[in-house]
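> sequence unknown, structure follows:
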Ligand SMILES: *Cc1c(COP(=O)(O)O)cnc(C)c1O
């Protein structure tokens, strides 16, 4: 799939002689948005090949992965079960409402149990309750997801730097594997990187050069400042590109801050991977009573 990149025009970019391009993964599907489409692609093929009738996966109440899995399962005539962290809150927020409306069965577990979700005992309990299922890990990151993420970049993506938001590290692993040896891949973790995250990415990738910049998580996943909301709305107005509050909004603030601080040498070209996540803006708007693009 060929995905277009859109060049950004801002005074700071002109002043610093940097070209910034946004690869619009957010535009590839209305519901299986952004990187999740790539991460699901080969898992769906595998699940069907192995004859599974049900997908089961995990996520928080605002998870883009839950929405993408619910819709992808429906499109592929599979049942889906979402194991959701925390208690049920009614009415459902827009994320979980969408998942339910698209046939996902929601199963709530306590935060303590959620931590045990990858253990054999916990999975056996789920199997006793729901029957056999194809398991997608939290955030959908596994070998097949990375194989899918390796298809995000194509030969036309020749920029010197590639910036990618990081949750589980699955998406950036695919990008690292496809980037050429002249390109530097920079990850922006949505929460301050743990040792495990780095270990996972090293394990999923060949030995290309990449780095993480941890200074732009702005307090982590659900933390949203007035400044961030204002930035996202202003960016939408001037560039016509909607950003989300968890990953791409914070990363764009970070990338432009790096430009302002002369992180990128003059004359460089930077590719910003827009991983989607816009479904989350609805829930965030509702929760905070603010306006956000979607
Ligand atoms: C899930 C998600 C990510 C994180 O992807 P990982 O492969 O888990 O690192 C980044 N951006 C958006 C918009 C996402 O929904």
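Structure's in. What do you need? All figures in this text were calculated on a predicted structure; none of them were measured in a lab. Residues are numbered from 1 along each chain as shown.
> helix or strand for the residue lying closest to residue 43 once chain neighbours are set aside, which one?
Closest residue to residue 43 apart from its sequence neighbours, by Cβ to Cβ, 6 or more residues apart in numbering: residue 144 at 4.9 Å. No exception for glycine: its C-beta is placed from N, CA and C like everyone else's. Assigned by DSSP states H and E, residue 144 belongs to helix 143-149.
> what about that helix, near the ligand?
No: with Cβ under 6 Å from any ligand atom as the criterion, the ligand is not reached by helix 143-149; the gap is at least 6.9 Å.
> Show me how far that helix is from its chain's centre.
On the basis of Cα atoms, centre = their mean, to the nearest Å, helix 143-149 is displaced by 13 Å from the centre of the chain it belongs to.
> which parts of the stretch 151-294 of the chain sit against the ligand?
Residues of the stretch 151-294 of the chain lying near the ligand (Cβ under 6 Å from any ligand atom): 165-172, 244, 247-248, 275-277.
> For the residues you listed, please prepare a markdown table with the additional fields pLDDT.
Shown next, in a markdown table, are those (pLDDT from 0 to 100):
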| residue | pLDDT |
| --- | --- |
| 165 | 97 |
| 166 | 96 |
| 167 | 95 |
| 168 | 93 |
| 169 | 95 |
| 170 | 96 |
| 171 | 97 |
| 172 | 97 |
| 244 | 97 |
| 247 | 97 |
| 248 | 98 |
| 275 | 98 |
| 276 | 97 |
| 277 | 96 |
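> Which of those fall in helices?
170, 171, 172, 248 (DSSP state H).
> out of these, which are buried?
Buried by 16 or more other Cβ atoms under 10 Å: 170, 171, 172, 248, out of those.
> May I see the buried residues of stretch 42-50?
42, 43, 44, 47.
> Give me the subset of those lying in helices.
Those of the buried residues of stretch 42-50 lying in helices (DSSP H): 42, 43, 44, 47.
> Closest to the ligand out of the residues you listed?
residue 43 (12.7 Å; Cβ to the nearest ligand atom).
> so the closest one makes contact with residue 146?
No: if you go by Cβ atoms under 8 Å, residue 43 and residue 146 don't touch, sitting 10.7 Å apart.
> How about the contacts made by residue 85?
By Cβ atoms under 8 Å, 6 or more residues apart in numbering, the contact set of residue 85 is 58, 59, 60, 61, 109, 111, 114.
> I'd like to know which of these is nearest to the ligand.
Nearest to the ligand among the contacts of residue 85: residue 59, at 9.4 Å, using Cβ to the nearest ligand atom.
> nearest spatial neighbour of that closest one, skipping sequence neighbours?
Closest residue in space to residue 59, ignoring its immediate chain neighbours: residue 66 at 4.0 Å, by Cβ to Cβ, 6+ apart.
> Next one: that neighbour, what pLDDT does it get?
If you check residue 66, the pLDDT there is 97.
> Around it, count how many other residues there are.
The number of residues packed near residue 66 is 28, by other Cβ atoms under 10 Å.
> Could you identify the helix or strand that succeeds the strand or helix carrying it?
Assessed by DSSP H and E, residue 66 sits inside helix 64-75. Next along the chain after helix 64-75, taking DSSP H and E as the criterion, comes strand 79-85.
> pLDDT of that following strand, averaged?
In this model, strand 79-85 has a mean pLDDT of 98.
> what's the angle between that strand and helix 64-75?
170 degrees (axes from the mean of the first three to the mean of the last three Cα atoms, to 10 degrees).
> now the angle between helix 64-75 and the next helix or strand after strand 79-85, please.
For strand 79-85, the succeeding helix or strand toward the C-terminus, using DSSP H and E, is helix 94-101. Inter-element angle recorded for helix 94-101 and helix 64-75: 20 degrees (by the same axes, to 10 degrees).
> does the ligand sit close to helix 94-101?
No: using Cβ under 6 Å from any ligand atom, we find that helix 94-101 stays clear of the ligand, coming within 11.2 Å at best.
> what sits against residue 140?
By Cβ under 8 Å, 6+ apart, the residues touching residue 140 are 36, 39, 40, 43, 57, 65, 68, 69, 168, 170.
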